[in-house]
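**Q** Provided below for reference: sequence and predicted model.
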Amino acid sequence: MTLQEVMKQLESWGTAQNRKIYARHGASANMFGVSFANLYKLQKQIKVDHELALQLWETGNSDAQVLATLIADPQAMTDRQAEEWVKNLSGYGLTEMFGRILAKSPLARKKAEKWHKSKSEWIASAGWIIVGGLALYDHEMPDEFFEPYLKLIEDGIHRQKNRVRYEMNGALIGIGLHSDELEKKALAVAAKIGKVVVDHGETNCKTPDAAEYIKKSQFRHKKMKAKAAAK
């Protein structure tokens with residue numbers, strides 16, 4: 001599909017109700033309000049098209065940019081493209097989608113190390129999303145990579161900006177699920193920091209309790225492994 005065809009389709013799917021909902025979740029005013037069901041429908045149709053993803057991102061339209069994160073090739077993302085995209089982030093929904101794709105990129109470690117230090121709420125959030133993504137999905141990453149991040153979470157999470165606190169909490173959960181040793185350390189950090197307060201605005205979103213989430217996830221994982229071993 002061409003950029004013009006995609007934009008025409010997105011515009012036809014937009015609704016006023018979705019625009020209201022997405023605005024409450026931090027989306028920019030430049031949007032059609034397309035449901036994620038329809039965005040995923042387009043993703044299935046387009047599959048991976050990195051050049052189209054770049055064109056969609058350049059429109060500045062929120063729906064187009066979310067779709068861009070769905071069809072972009074993380075392996076093809078260049079350093080320049082990553083830096084251009086991260087500077088255009090303006091809300092937590094798009095930031096989360098962007099962070100997830102960068103976590104699958106060869107740039108992930110480099111960008112996590114750089115961006116988590118940023119004074120920008122969205123850039124720092126993206127950095128912490130990548131830290132959590134690396135912990136969850138890159139099983140080759142050594143535990144030692146994540147230990148400094150645990151220290152940063154323990155010492156400074158409550159002083160960070162609103163959405164950065166949320167993503168640091170998410171990274172803590174991801175690190176706790178990376179290995180048995182890091183599970184113990186993450187749970188110790190969770191106990192020290194206590195409740196993480198995040199303002200979710202006029203939404204029903206909640207901040208997960210890191211310790212509870214880690215314990216439940218590990219319990220399910222160990223139960224599944226036991227079932228597989230018994231077969």
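**A** Looks like it arrived, so ask away. Numbers count the residues shown, from 1 in each chain.
**Q** could you use CA atoms for every contact and neighbour count after this?
**A** OK.
**Q** now do the residue most central in space within the chain, the pLDDT please.
**A** In the chain, the C-alpha closest to the average C-alpha coordinate belongs to Glu96, at a distance of 3.0 Å (CA atoms, centre = their mean). Per-residue pLDDT puts Glu96 at 95.
**Q** doesn't Trp128 make contact with it?
**A** No. The pair Glu96 / Trp128 is not scored as a contact, 9.9 Å apart, by CA atoms under 8 Å.
**Q** which helix or strand contains the residue nearest to the centre of the chain?
**A** Counting by DSSP states H and E, the element that carries Glu96 is helix 92-102.
**Q** if you count neighbours, what's buried in that helix?
**A** By 16 or more other CA atoms under 10 Å, the buried positions in helix 92-102 come out as Tyr92, Leu94, Thr95, Glu96, Met97, Phe98, Gly99, Arg100, Ile101, Leu102.
**Q** just give me the closest of those residues to Gly133.
**A** Arg100 (6.6 Å; CA to CA).
**Q** counting contacts, what elements does the lengthiest helix in the chain pack onto?
**A** Ordering each helix of the chain by length in residues (DSSP state H) puts helix 210-230 first. With contacts defined as 3 or more CA pairs under 8 Å, 6 or more residues apart in numbering; DSSP states H and E, the packing partners of helix 210-230 are helix 162-176, helix 180-193.
**Q** which one, of those helices, ends up nearest to Leu3?
**A** Across the helices and strands packed on helix 210-230, Leu3 has its closest neighbour in helix 162-176 (31.7 Å, CA to CA).
**Q** could I get the average pLDDT for the closest one?
**A** Here helix 162-176 scores 98 as its mean pLDDT.
**Q** how about stretch 185-193?
**A** Stretch 185-193 comes out at a mean pLDDT of 98.
**Q** now Val198. Its backbone dihedrals?
**A** Val198 adopts backbone torsions of phi -130, psi 130, taken as degrees, to the nearest 10.
**Q** scratch that, Gly14 is what I was asking about
**A** Torsion angles, degrees, to the nearest 10, at Gly14: phi -70, psi 150.
**Q** so how far is Ser62 from it?
**A** Per CA to CA, to the nearest Å, Gly14 is found 11 Å from Ser62.
**Q** go on, Gln55?
**A** From Gln55 to Ser62 the distance is 13 Å (CA to CA).
**Q** also Glu147?
**A** Here the criterion is CA to CA. By it, Glu147 lies 35 Å from Ser62.
**Q** who has more neighbours, the two?
**A** Between Glu147 and Ser62, Ser62 has the larger neighbour count (other CA atoms under 10 Å), namely 25 against 15.
**Q** wait, the more buried one touches Ser35, no?
**A** No. Ser62 lies out of contact with Ser35 (CA under 8 Å); the separation is 11.8 Å.
**Q** so what touches the lowest-mean-pLDDT helix or strand in the chain?
**A** When the helices and strands of the chain are scored by mean pLDDT, DSSP states H and E, helix 210-230 comes last with a mean of 81. Identification of contacts with helix 210-230 by CA atoms under 8 Å, 6 or more residues apart in numbering yields Asn169, Gly170, Leu172, Ile173, Gly176, Leu177, Glu183, Ala186, Leu187, Ala190, Ala191.
**Q** nearest to Arg80, of those?
**A** Checking the contacts of helix 210-230 one by one against Arg80 (CA to CA), the nearest turns out to be Gly170, at 26.6 Å.
**Q** the closest one: how many residues sit nearby?
**A** 22.
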